[in-house]
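Chemist: heads up, no residue letters with this:
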């Protein structure tokens, strides 16, 4: 049995060499056919490689820059709408200087403590009034609800004023430190604790 096993062990290498020689000879004869089969595969692989190399790459920094610019543009649009509405409803019948002063007070509040830090937040802020036992608006027109500016000369003027003040495109500030104002027809209690800085039209402004 051992002799038979040794005989087979010597025979196997010879057998596999013969099979390998036969496979190579057969493959050589069929080489054109195999090449034709491989050609589409190589072509597809080449197209994929070229597409990957030449694919348009999205620059994350450029994408972030565009996104930031879009957010700033949207923020500016919303801010200007609120600011122009405040100028329009608070002072459209006032002298132009008075309209600029109202816009300045609105923006001054966004940079002051104890006030919201956005234009729309300032314009629509509500505070608790102990005397009336309810929340009241800093700018009374916002309590009326449903108001919309009429698209006419007064609105265009209000938007022009709002844009100039928002972009700091005015030669001189009219009420640079003012945070409050009231109509000359009333005398609110808080006015006694504030320093008046200007009287323009029908409004008195305080720091």
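Modeler: Looks like it came in fine. The model shown is predicted, which means the values in this text are computed figures rather than measured ones.
Chemist: Going by C-alpha atoms from here, please, whenever you check contacts or count neighbours.
Modeler: OK.
Chemist: Quick check: phi and psi on the closest residue to residue 174 other than its chain neighbours?
Modeler: Leaving out its chain neighbours, the residue that sits closest to residue 174 by Cα to Cα, 6 or more residues apart in numbering is residue 101, at 5.9 Å. Residue 101 adopts backbone torsions of phi -60, psi -40, taken as degrees, to the nearest 10.
Chemist: how many other residues sit next to residue 101?
Modeler: 27 (other Cα atoms under 10 Å).
Chemist: for the one 5 residues further on, same thing?
Modeler: Here the neighbour count serves as a burial measure; for residue 106 (other Cα under 10 Å) it reads 26.
Chemist: So the chain: which segments form each domain?
Modeler: When the chain is parsed with automatic domain parsing, its domains come out as 19-55, 60-206.
Chemist: Out of these, which is the most enclosed?
Modeler: With neighbours taken as mean count of other Cα atoms under 10 Å, the domains of the chain reach their highest mean count in domain 60-206, at a mean of 16.
Chemist: so residue 125 makes contact with residue 137?
Modeler: Yes: the pair residue 125 / residue 137 is scored as a contact, 6.0 Å apart, by Cα atoms under 8 Å.
Chemist: anything in contact with each of these two?
Modeler: Contact criterion Cα atoms under 8 Å, 6 or more residues apart in numbering; no residue bridges residue 125 and residue 137 by contacting each.
Chemist: tell me the pLDDT at residue 42?
Modeler: Turning to residue 42, the model gives it a pLDDT of 55.
Chemist: which other helices and strands contact the helix ranked longest in the chain?
Modeler: Longest helix in the chain, counting residues (DSSP state H): helix 60-91. In terms of contacts (3 or more Cα pairs under 8 Å, 6 or more residues apart in numbering; DSSP states H and E), helix 60-91 is packed against helix 96-110, helix 119-123, helix 153-166.
Chemist: again, 6 Å this time
Modeler: With contacts defined as 3 or more Cα pairs under 6 Å, 6 or more residues apart in numbering; DSSP states H and E, the packing partners of helix 60-91 are helix 153-166.
Chemist: Any idea how far stretch 200-207 is from the middle of the chain?
Modeler: Stretch 200-207 has its C-alpha centroid displaced from the chain centroid by 36 Å (Cα atoms, centre = their mean, to the nearest Å).
Chemist: got it, and stretch 159-177?
Modeler: 24 Å.
Chemist: Identify the residues contacting that stretch?
Modeler: The contact list for stretch 159-177 (Cα atoms under 6 Å, 6 or more residues apart in numbering) reads 83-84, 101, 207.
Chemist: what about the residue nearest to residue 174, distance to residue 206?
Modeler: Between residue 101 and residue 206 the distance is 11 Å, computed by Cα to Cα, to the nearest Å.
Chemist: measure the spatially most central residue of the chain to residue 154 for me?
Modeler: Note on the chain: the residue nearest the mean C-alpha position is residue 71, at 2.2 Å, using Cα atoms, centre = their mean. The gap separating residue 71 from residue 154 is 29 Å, by Cα to Cα.
Chemist: try residue 190
Modeler: Counting by Cα to Cα, the gap from residue 190 to residue 154 is 31 Å.
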